[in-house]
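>>> my questions concern the predicted model and sequence given below.
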Amino acid sequence: MDARLTQFTTITPTTASARPDAVVRLRDFTRSFGANTIISGLDLEIAAGEFVVLLGRSGSGKTTLLRTLAGLDGTEEQDVTVPASHAVVFQDARLLPWKKVWRNVALGLNKRDARAAAEEALQEVGLGHRLDAWPLTLSGGEAQRVALARALVREPQLLLLDEPFAALDALTRLRMHELVLSLWHRHRPAVMMVTHDVDEAIALADRVILLDHGRIVAQERITAARGSERAGLAAGLRHRLLEALGGMVVENHAADVVALHAGARP
Ligand SMILES: Nc1ncnc2c1ncn2[C@@H]1O[C@H](COP(=O)(O)OP(=O)(O)OP(=O)(O)O)[C@@H](O)[C@H]1O
């Protein structure tokens with residue numbers, strides 16, 4: 001592949017401009033639990049069909065943000081726009097074990113042809129042969145395929161993925177990346193995916209957002225071909241993201257050590 005096709009652009013959070021095609025828009029968004037402010041003054045836009053990956057160390061507020069976009073968390077009286085049609089895939093597939101696979105996918109579909117729609121979605125994720133299986137007989141990767149089918153059968157404008165492949169082995173994870181990309185190309189929802197995996201972010205994203213203490217501290221836009229070549233050419237970006245993530249850890253670790261020493265002093 002021609003290396004010139006791959007470009008990474010660092011966007012400073014303050015210079016990110018308003019997008020007329022945004023389907024998600026948060027302005028000065030804040031979320032607290034009691035006295036604990038998790039997200040503060042966050043501005044975010046996601047364009048129609050854009051694939052955004054959210055990276056950040058544990059506790060930085062990624063899931064809180066995703067839950068906000070899913071309408072599962074408090075957005076009362078705040079400037080938050082999200083599309084009415086959205087779907088979430090979590091790390092655990094959250095299938096109902098007492099319903100067959102196709103019924104899990106068809107759940108809540110208000111259609112006479114719900115079974116046909118579920119069948120089509122399951123075929124898309126390579127599980128057309130497991131329509132009548134019980135969820136407990138599926139592997140982790142198969143269960144996540146069903147969760148993806150259940151999300152996509154609703155043709156959401158926004159697909160939210162919360163570490164959907166974290167529990168899968170490396171090879172299955174790579175296959176899931178291919179599947180997600182092919183589904184995304186076909187259906188073109190805006191995607192926001194949370195992950196801890198820098199390589200996964202680079203493999204999938206149009207834009208990587210780095211969150212720390214509920215603030216966007218870095219963004220990288222990727223204009224590139226997809227597939228393994230992209231990851232191979234991404235060494236510089238990988239380094240920058242790891243450095244940013246590592247920097248946060250070192251910074252906070254140093255603060256913890258100082259606090260510990262301060263506490264230990266007489
Ligand atoms: N319902 C809640 N009540 C109180 N505190 C909460 C609640 N949900 C999240 N938090 C706190 O908010 C902070 C951010 O949590 P969040 O789950 O968003 O982080 P995260 O970046 O997704 O972490 P991880 O990568 O470990 O999943 C944490 O300190 C967490 O304890």
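Noted; the coordinates are in hand. Numbering: from 1, shown residues only.

>>> up against the ligand, what does the stretch 1-150 of the chain have?
Taking CB under 6 Å from any ligand atom as the criterion, the stretch 1-150 of the chain approaches the ligand at residues Phe33, Ile38, Gly56, Ser58, Gly59, Ser60, Gly61, Lys62, Thr63, Thr64. Heads up, the C-betas are built off the backbone N, CA and C, glycines and all.

>>> again, only using 5 Å
Counting by CB under 5 Å from any ligand atom, the positions of the stretch 1-150 of the chain adjacent to the ligand are Phe33, Ile38, Ser58, Gly59, Ser60, Gly61, Lys62, Thr63, Thr64.

>>> the nearest residue to Pro164 once chain neighbours are set aside: neighbouring residues, count only.
Nearest non-adjacent residue to Pro164, counting by CB to CB, 6 or more residues apart in numbering: Val89, 4.7 Å away. A count of nearby residues for Val89, using other CB atoms under 10 Å, gives 24.

>>> for the one 10 residues further on, same thing?
The burial metric for Lys99, expressed as a neighbour count using other CB under 10 Å, is 14.

>>> please enumerate the helices of the stretch 151-266 of the chain.
In the stretch 151-266 of the chain, the segments counted as helices under DSSP state H, counting those that start in this stretch are 170-187, 198-204, 228-232, 235-264.

>>> show the contacting residues for Arg188.
Ala48, Gly49 (CB atoms under 8 Å, 6 or more residues apart in numbering).

>>> over to the one 4 residues further on?
Contact partners of Met192, counting by CB under 8 Å, 6+ apart, are Val24, Ile46, Val52, Val53, Leu54, Leu66, Leu69, Leu158, Leu159, Leu160, Leu161.

>>> got TSV for these, with pLDDT and neighbour count too?
As requested, these are exported to TSV (pLDDT from 0 to 100; neighbours: other CB atoms under 10 Å):
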residue	pLDDT	neighbour count
Val24	92	24
Ile46	95	25
Val52	95	23
Val53	95	25
Leu54	95	25
Leu66	92	21
Leu69	90	22
Leu158	95	21
Leu159	95	24
Leu160	95	26
Leu161	95	26
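
>>> ok, of the residues you listed, which one's closest to Gly236?
The shortest gap between Gly236 and any of the contacts of Met192 belongs to Val53, at 17.1 Å (CB to CB).
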